[in-house]
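1. take a look and give me a structure for this.
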Amino acid sequence: MKFNNLLTKVRKMAETADVSGTGFLAVQVNITGDEPGVFYVEVKDGKVSVEPYEYNDRNCAITMKSDDFNKLISGKLDPVLAFSIGKLKVDGDVGKALEFSKLIK
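-> Numbering: from 1, shown residues only. Prediction:
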C-alpha cells in the first residue's frame, strides 16, 4: 500500500475513533518497506490529529513495515502478537503504544 493511501486510511479511522477516556497521547508511526514514511497520531482535548510529520514530544514511536501496519489497522494482525514476534517495534512508553493499539481496533 502506498504511504499516502495508508495515511488517508488512518485519517478516516481517526474521524470515528472513540477517544473518550483517553488523555493526551502522541504516537509517531514509522513505516518501513517499499513505501516508507512517517506520521503521527495525537489525541488531545478529545480530538484526534493525524499529520505526516515527525513528533518530537511523543510518548512513543512504533515502527512497522507498511503491509504489517495495514494488517494491524484492518484487524488482521494482533498488536501484542506483532510486538512479540518482532513485526512491531516500540521506542518509548510501551503502555502508550498499547493504548494506541486499542484506539485503532
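2. quick one: contacts of stretch 57-77?
-> Stretch 57-77 has contacts (CB atoms under 8 Å, 6 or more residues apart in numbering) with 1, 3, 6, 9-10, 13, 24-36, 40, 79, 82, 87-94, 96-97, 100-101, 104-105. In short, each C-beta sits where N, CA and C put it, glycine included.
3. quick one: mean pLDDT for it?
-> In this model, stretch 57-77 has an average pLDDT of 95.
4. would you mind measuring the gap between the ends of it?
-> 28 Å (CA to CA, to the nearest Å).
5. quickly list what E51 is bridged to.
-> Y40 (DSSP bridges).
6. surely it meets V38?
-> No - with contacts counted by CB atoms under 8 Å, E51 stays clear of V38, the gap being 9.9 Å.
7. of these two, who's got more company?
-> V38 (17 against 13; other CB atoms under 10 Å).
8. show me what contacts the residue nearest to T22 when sequence neighbours are not counted?
-> Computed as CB to CB, 6 or more residues apart in numbering, the closest residue to T22 that is not its neighbour in sequence is V43, at 5.0 Å. Under the criterion of CB under 8 Å, 6+ apart, the neighbours of V43 are V19, T22, G23, F24, L25, A26, L103.
9. just the ones of these in strands?
-> The strands, defined by DSSP state E, take in L25, A26 from the contacts of V43.
10. now, of the contacts of V43, which are buried?
-> Among the contacts of V43, those buried by neighbour count (16 or more other CB atoms under 10 Å) are T22, L25, A26, L103.
11. pick out the most distant pair among these.
-> Every pair in those was compared (CB to CB); the two farthest apart turn out to be A26 and L103, at 12.3 Å.
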